[in-house]
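Enquirer: Build the 3D model from these lines:
(one chain, ligands or ions: 2)
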Amino acid sequence: MLSSIASTIINKVALRIMNRESLAKLNIGSISYTFAPISSNQNNHQFIKKRHLWKRKIMSGKDRIILHVDMDHFFTAIEEREHPEFKGKPVVVGANPKEGKGRGVVSTCNYEARKFGVKSGMPISRAWKLCPEAIYQPVNHELYAKVSIKIMDILREHGDKFEQWGIDEAFLDVTSRTKNYDEAEVLARHIKREIIEKEGLVCSIGIGPNKLVAKIASDFQKPDSLVVVKEEDVEKFLASLPVRKLLWVGRKTEQKLKRIGIKTIGDLANYDPTVLTEAFGVMGAQLYLMAHGIDRSEVEERREVKSISRDLTFEEDTADHMLIHHTLDKLSEEVYKDAVKQNLFFKTVTVKVRYENFETHTHGKTLLFVTDRLQDLQKIVKQLIQDYLRSGRKIRLVGVRISNFVSAKKQKKLI
Ligand code: DCP
Ligand code: MG
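Expert: Ligands and ions are numbered 1, 2, ... in the order given. Here you go, the predicted model:
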């Protein structure tokens with residue numbers, strides 16, 4: 001739905017510029033951006049078309065140098081390290097393929113398997129069809145989480161500020177440690193070497209003036225890459241890339257953008273921000289800024305996650321126990337994956353049930369010990385749902401929540 005506030009803000013920006021005021025402000029959340037027209041004798045539309053509606057420098061804030069480090073084919077790289085005989089062969093980590101009849105998905109695969117078209121998130125049965133000769137390994141989350149902690153410990157030492165972003169990636173703000181991009185590049189090479197020496201694993205690093213650009217840069221020439229994008233090269237670097245490379249642009253947004261003729265980040269940067277805000281609400285303004293490579297978010301240790309939950313509304317209200325159990329298993333798997341990505345062990349499990357008349361119940365259980373096992377989660381969920389199934393009433397929605405977290409790092413110290 002159109003965010004009227006965002007639309008008003010953007011319209012104000014456009015209006016003020018049309019009135020040829022020298023500066024205009026755009027507020028997104030707590031961040032304030034200043035727009036400065038470069039010349040005053042063009043109308044608003046031409047300004048927007050010209051793209052240099054405002055000076056990037058003013059909007060980008062103070063100069064920073066940010067690194068984004070992302071491990072290459074993380075899970076399979078660890079498997080290769082543990083099994084040197086896998087080297088050079090296609091390797092897939094994920095559900096059991098059961099000769100093409102398996103359910104579940106690919107977690108990741110190495111670059112040899114990617115040549116066959118295998119990808120993360122793909123049904124394992126499809127991966128089998130594409131590459132039956134690959135080595136299929138089950139997911140060993142415990143091991144990967146342990147390696148992740150070691151990698152993060154190495155990275156943390158190299159940044160003024162450090163922010164873990166997923167199980168195998170992190171941002172580092174190295175502004176005060178490096179005088180310029182050349183020094184940042186030297187530091188990045190050092191980090192790559194250190195991770196190889198200490199953990200025997202390869203990573204890709206992107207360097208840029210902010211998190212957004214650094215993240216896109218680390219992905220640009222994977223694997224084993226180091227890509228530097230200086231402030232002055234940002235727009236050129238981004239212009240030809242597909243919009244999907246921007247954070248927050250998922251398949252739906254991509255389709256919506258495509259419908260209005262936007263395929264590349266350059267197309268987006270050249271688009272009228274007023275129209276974008278009308279179509280996408282406040283996200284339209286954010287998309288516009290991202291397309292210009294503007295991101296002022298700080299590198300910061302993430303706020304503590306309180307809970308992770310997923311729920312699902314059935315297409316038709318149901319009393320089918322098999323379907324309900326299967327759905328809860330799936331939801332548990334998703335919640336569990338999120339927890340693993342964030343290196344979290346959990347202690348409390350809660351299920352939610354909504355009957356066809358919208359009467360809603362939640363029921364939780366707190367364990368004596370923290371766990372990070374999917375089997376534990378699925379087992380407790382089954383116990384908790386049991387009472388609600390006995391009534392035989394039709395159910396509209398079910399949900400799973402985990403909470404009471406301990407980070408895997410703290411957990412490791414306890415063991
Ligand atoms: N992962 C997963 N399911 C997904 C995506 C990822 O279980 N749908 C896991 C497996 C990956 C790890 O998270 O190894 C890190 O995700 P990345 O997206 O960084 O993928 P990779 O590190 O495997 O590959 P790349 O070299 O492209 O970074
Ligand atoms: Mg990775």
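Enquirer: For the rest of this, base every contact and every neighbour count on C-alpha atoms.
Expert: Fine.
Enquirer: give the contact list for the residue in the stretch 251-400 of the chain that ligand 2 sits nearest to.
Expert: For the stretch 251-400 of the chain, the nearest residue to ligand 2 under the criterion C-alpha to the ion is K341, separated by 11.5 Å. For K341, the contacting residues are 166-167, by C-alpha atoms under 8 Å, 6 or more residues apart in numbering.
Enquirer: What score does it have for pLDDT?
Expert: Reading off the confidence values, K341 has pLDDT 82.
Enquirer: Please report phi then psi for it.
Expert: Main-chain torsions, K341, degrees, to the nearest 10: phi -60, psi -30.
Enquirer: gap between P138 and ligand 1?
Expert: Remark: distance between P138 and ligand 1 (C-alpha to the nearest ligand atom, to the nearest Å) = 11 Å.
Enquirer: I154 too?
Expert: From I154 over to ligand 1 the distance is 17 Å, taken as C-alpha to the nearest ligand atom.
Enquirer: pretty sure that residue is touching E197, no?
Expert: No. Contact status for I154 versus E197: not in contact, 11.3 Å apart, counting by C-alpha atoms under 8 Å.
Enquirer: low pLDDT regions in the stretch 251-400 of the chain?
Expert: Scanning the stretch 251-400 of the chain for pLDDT under 70 picks out the ranges 302-304.
Enquirer: What parts of it come near ligand 2?
Expert: Applying C-alpha under 5 Å from the ion, we find that the stretch 251-400 of the chain lies next to ligand 2 at no residue.
Enquirer: Going along the chain, name the helices of the stretch 251-400 of the chain.
Expert: Secondary structure of the stretch 251-400 of the chain, counting by DSSP state H, counting those that start in this stretch: helices at 251-259, 265-269, 273-280, 282-291, 321-341, 374-390.
Enquirer: Export these as a markdown table, with columns for distance to K129.
Expert: What follows is those, written out as a markdown table (distance: least, C-alpha to C-alpha, whole Å):
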| stretch | distance to K129 |
| --- | --- |
| helix 251-259 | 25 |
| helix 265-269 | 34 |
| helix 273-280 | 39 |
| helix 282-291 | 38 |
| helix 321-341 | 23 |
| helix 374-390 | 27 |
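Enquirer: Looking at the ones you listed, which is nearest to ligand 1?
Expert: Nearest to ligand 1 among the helices of the stretch 251-400 of the chain is helix 321-341 (6.9 Å), distances taken as C-alpha to the nearest ligand atom.
Enquirer: Go through stretch 86-97 and flag the buried ones.
Expert: When burial is assessed from 16 or more other C-alpha atoms under 10 Å, stretch 86-97 yields the following buried residues: 86, 90-97.
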